[in-house]
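Pasting a predicted model and its sequence here:
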Amino acid sequence: MSTPFNEYTRDTGSSSPKNLDVEIHAVNILHVACLGFAASIKLLSEQHGFTKGVIQKVYRQLENYAEAMDIIEMMQDDAEEQAVTEVLERHEDDSDEDLEGHEGVNGPEESKDAKQDQDQDKVKEEEE
């Protein structure tokens, strides 16, 4: 059985069909454009990890969709770089605190006791 849809094959790797041979009626152009734009915003949101609202705000500030995509890709790169920087800085801070504290498992009191034991050992060694 032949239908008008036989020749159309959906390309799942792209959001724009290549073999769609249909003329959109003038009264439907705005509706179809809104559907396509909403799908594009959703796809960008999912791909780059920003909310749809953020994607729309970026788009409103620019001249075209391609510019918005470039900015959103840069935003994602910057966000990932910032995350790496923050993680590394926090690990450095944790290491610095560990080095400064030298506290025992049970807190500063254990450290004081350990230091007193070390001091007593030194005194005994000097006496011998």
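Alright, I've got the coordinates. Residues are numbered from 1 along each chain as shown.

Check the separation of the first and last residues in stretch 41-57.
Distance across stretch 41-57, first residue to last, is 11 Å (CA to CA, to the nearest Å).

Identify each buried residue in that stretch, please.
Along stretch 41-57, the positions that meet the burial threshold by neighbour count (16 or more other CB atoms under 10 Å) are 41, 44, 45, 48, 50, 54, 55, 56. Backbone N, C-alpha and C define where each C-beta goes, glycine included.

ok, the residues you listed vs residue 31, which is closest?
Within the buried residues of stretch 41-57, distances to residue 31 taken as CB to CB reach their minimum at residue 41, with 15.9 Å.

could you dump the buried residues of stretch 41-57 to a markdown table with secondary structure and pLDDT?
Rendered in a markdown table, the data for the buried residues of stretch 41-57 read as follows (DSSP: H, G, I helix; E, B strand; the rest coil; pLDDT from 0 to 100):
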| residue | secondary structure | pLDDT |
| --- | --- | --- |
| 41 | helix | 94 |
| 44 | helix | 93 |
| 45 | helix | 94 |
| 48 | helix | 94 |
| 50 | coil | 95 |
| 54 | helix | 96 |
| 55 | helix | 95 |
| 56 | helix | 95 |
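
what two of those residues have the greatest distance between them?
Using CB to CB, the buried residues of stretch 41-57 span at most 13.1 Å, a distance reached by 48 and 56.

got the buried residues for the helix or strand harbouring residue 68?
When elements are defined using DSSP states H and E, residue 68 is found to belong to helix 65-101. Taking 16+ other CB under 10 Å as the neighbour-count basis, helix 65-101 is seen to contain the buried residues 68, 69, 72, 75.

Please dump these into TSV; it should also carry distance to residue 26 for every row.
Below are the buried residues of helix 65-101 laid out as TSV (distance: CB to CB, whole Å):
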residue	distance to residue 26
68	27
69	28
72	32
75	37
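
ok, those vs residue 90, which is closest?
Within the buried residues of helix 65-101, proximity to residue 90 (CB to CB) peaks at residue 75, which comes in at 22.3 Å.
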